[in-house]
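1. Okay, sequence plus prediction incoming.
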Amino acid sequence: MALYDKPAHELHDLLVKREISAADLTRDVLARLDATEKEVGAYLTVLPEAAMAQAESVDKKIAAGEDIAFFEGIPGAVKDNICTKGIRTTCASKILENFVPPYDATVMTRLAKESPVIVGKANLDEFAMGGSTENSAYQTTHNPWDTARVPGGSSGGSAAAVAAGSAVWALGSDTGGSIRQPASFCGVVGLKPTYGRVSRYGLVAYASSLDQIGPVTRDVTDCAHLLNAIAGHDPMDSTSSPAEAPDFTAALKNDVKGLRIGLPAEYFVKGIDADVEKAVRAAIKQLESLGAEVTEISLPHTEYAIAAYYLIAPAEAATNLERYDGVSYGARVDGADVVELMTNTRSQKFGAEVKRRIMIGNYALSAGYYDAYYLKALKVRTLIQQDFTDAFQKVDVIAAPTAPTPAYKIGEMIADPLQMYLQDICTVPLNLAGLPGISVPCGYSAQGLPIGLQIIGRPFDETTVLRTAYAYEQSQSFHNDMARLGGARA
Ligand code: GLN
């Protein structure tokens, strides 16, 4: 097994035992990147020199007999909407083509305490708007399991890099499913933390009441460690919870006896792929055989979640994206006067999907429509939250598919935005309610494409989510499968 195949916890042990060096590991991951990146296209920026320099400094520390942190010397990728000081951060948009942040996002300063190796910045849908990375202004990322297919999105670059072996871990962001759905499509683990658990300071805003940064990893153990590294209160984010983050690795104890799991009928929607339903139901049976108690529950307002999300998220996006005016921020396309300058800049530098959402958002917020659309959507959001509050009176976690289908073909959906939006049915309710959720690999479609099981928890109960995911993961071996480039698993 090559080094790039291994999860961070195994690599950490090998580093501690001095069986490998951080330089060897980084070289191995960079070589894998060279071998796969042409086909996969996970990265917008690659930092080989900085990565090697960082690895060598970790090796010096190890040679000096110093202790190392969990991610110390372990190569990973950062979604390109997370600000990295001195490293270009584009959000996969032409409007931020030359933006080099003068500061680090809080997740980066926290992570820096563990001295990981940063391989580069991962591709995404422009401003995280999308579910396939086809909306990137630079390149489409390809799914390493079948390069004719999308990796999901918007954190498609992050998930594809971890699946392909060109990163051991990655950071993504999730506003309506953007960590969990690509994790599901790429056969890796992805967790959206509770809203407020991880600081959003330095995450370029898409929809501020929904956005969260979270881990994308090979397995649940790495996921808990990465969440440990980034979670906790941050005075720089007024929505960050003052609650202290627990040690999430306490969840890794392989025990779900007596755990009550709810199965929401509404998530096994009409049009759900038969292989997805089969794999997810089999995974839930497996959890039952491990001692969990499974009951049917109802989340009756689920059918309104997409409509509410696609009003609230664009409304917030329209507001957040006002700052890209060509005057104070980002790229500028000149014009005869300031109005023309702004018009030229925004019409030439934003992509089609971003413009579509700005228009939807401004329409929903405009006088005369505000009550009918935006306010109504906020009321639906409250009903969806209430559905979950009611359900969590009876169960400890909720299990469901992460996405209604496995990865689809590049180009298959892009011409039909509504069809694309419907794909988010299983993921957006959690963002609307602020809840934590994980996607963990639970099998393959007949075509050999990965399928993800989603586990949803109470607010700030990532521990039970991780515990459930870990017990399931340890009972099978899907997390040991690496993506086969260019052709799905037979
Ligand atoms: N697919 C969803 C959207 O297009 C989710 C995006 C996200 O979570 N950033 O908005």
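-> Yep, it's here.
2. And stretch 263-273, what's buried?
-> Under the neighbour-count criterion of 16 or more other CB atoms under 10 Å, stretch 263-273 has L263, P264, E266, Y267, F268, V269, I272, D273 buried. Quick note: C-beta positions are derived from backbone N, CA and C, even for glycine.
3. partner residues bridging the second one?
-> According to DSSP bridges, I297 are recorded as the beta-bridge partners of P264.
4. Look up how far I425 lies from it.
-> 11 Å (CB to CB, to the nearest Å).
5. just checking, P215 touches L226?
-> Yes: look at P215 against L226 with CB atoms under 8 Å: they come within range, at 3.6 Å.
6. More neighbours: those two, which one.
-> P215 (33 against 28; other CB atoms under 10 Å).
7. on that earlier part again, spit out the residues that contact P264 and I425 alike.
-> T302 (CB atoms under 8 Å, 6 or more residues apart in numbering).
8. sorry, back to before: okay, and the common contacts of P215 and L226?
-> W169, L171.
9. what's in contact with the helix or strand harbouring D28?
-> Using DSSP states H and E, D28 sits in helix 22-40. Identification of contacts with helix 22-40 by CB under 8 Å, 6+ apart yields 2-4, 11, 15, 43, 46, 48, 51-52, 54-56, 58-59, 62, 72-75, 117, 119, 141-142, 144, 147, 151, 160-161, 164-168, 485-486.
10. Write out the residues of the stretch 151-300 of the chain neighbouring the ligand.
-> Residues of the stretch 151-300 of the chain lying near the ligand by CB under 6 Å from any ligand atom: S154, D174, T175, G176, G177, S178, Y206.
11. Quick check: the two most widely separated of the residues you listed?
-> G177 and Y206 (12.4 Å; CB to CB).
12. ends of stretch 468-485, how far apart?
-> Start-to-end span of stretch 468-485 (CA to CA, to the nearest Å) is 30 Å.
13. for stretch 200-214, that is, sorry about that
-> End-to-end distance for stretch 200-214: 10 Å, by CA to CA.
14. and it, average pLDDT?
-> Stretch 200-214 shows a mean pLDDT of 98.
15. quick thing: my sequence starts at 13, can you match it?
-> Let's use 13 as the start, then, which means that last one is stretch 212-226.
16. Give me the distance from it to the chain's centre.
-> Mean-position distance between stretch 212-226 and its chain equals 11 Å (CA atoms, centre = their mean, to the nearest Å).
17. Name the residues of that stretch that are buried.
-> For stretch 212-226, burial by neighbour count (16+ other CB under 10 Å) applies to 212-226.
18. Now tell me which helix or strand of the chain has the poorest mean pLDDT.
-> helix 429-434 (a mean of 91; mean pLDDT, DSSP states H and E).
19. does the closest residue to the ligand within the stretch 313-462 of the chain sit in a helix, a strand or a coil?
-> As assessed by CB to the nearest ligand atom, the ligand sits closest to D436 within the stretch 313-462 of the chain, at 4.8 Å. Three-state call for D436 (DSSP: H, G, I helix; E, B strand; the rest coil): coil.
20. who's in contact with it?
-> Per CB under 8 Å, 6+ apart, neighbours of D436: G143, G188, G189, Q193, I318, Y321.
21. go with 6 Å
-> When contacts are counted by CB atoms under 6 Å, 6 or more residues apart in numbering, D436 is found next to G188, G189.
22. and it, how far is that from S190?
-> Going from D436 to S190 by CB to CB gives 9 Å.
23. show me where this structure has strands.
-> 55-58, 87-91, 129-134, 181-186, 201-204, 224-229, 272-276, 305-309, 409-413, 449-456, 462-469 (DSSP state E).
24. Of these, flag the one that's most buried.
-> strand 201-204 (a mean of 34; mean count of other CB atoms under 10 Å).
25. Show me what that one is packed up against.
-> Counting contacts by 3 or more CB pairs under 6 Å, 6 or more residues apart in numbering; DSSP states H and E, strand 201-204 is packed against helix 192-198, strand 224-229, helix 232-242, strand 449-456.
26. In the stretch 13-162 of the chain, where is pLDDT below threshold?
-> In the predicted model, the stretch 13-162 of the chain carries pLDDT under 70 at residues 13.
27. Residue numbers of it in contact with the ligand?
-> A140, M141, G142, G143.
28. do that again at 8 Å, thanks
-> Contacts of the stretch 13-162 of the chain with the ligand, taken as CB under 8 Å from any ligand atom, map to L136, D137, A140, M141, G142, G143.
29. tell me the contacts of the first one?
-> Just to be clear, that refers to L136. K91, D92, A104, S166, G169.
30. The third one - how many residues pack around it?
-> Taking other CB under 10 Å as the criterion, the count of residues near A104 is 32.
31. So for the spatially most central residue of the chain, what pLDDT did the model give?
-> In the chain, the C-alpha nearest the mean C-alpha coordinate belongs to I191, at 1.8 Å (CA atoms, centre = their mean). Here, the pLDDT recorded for I191 equals 98.
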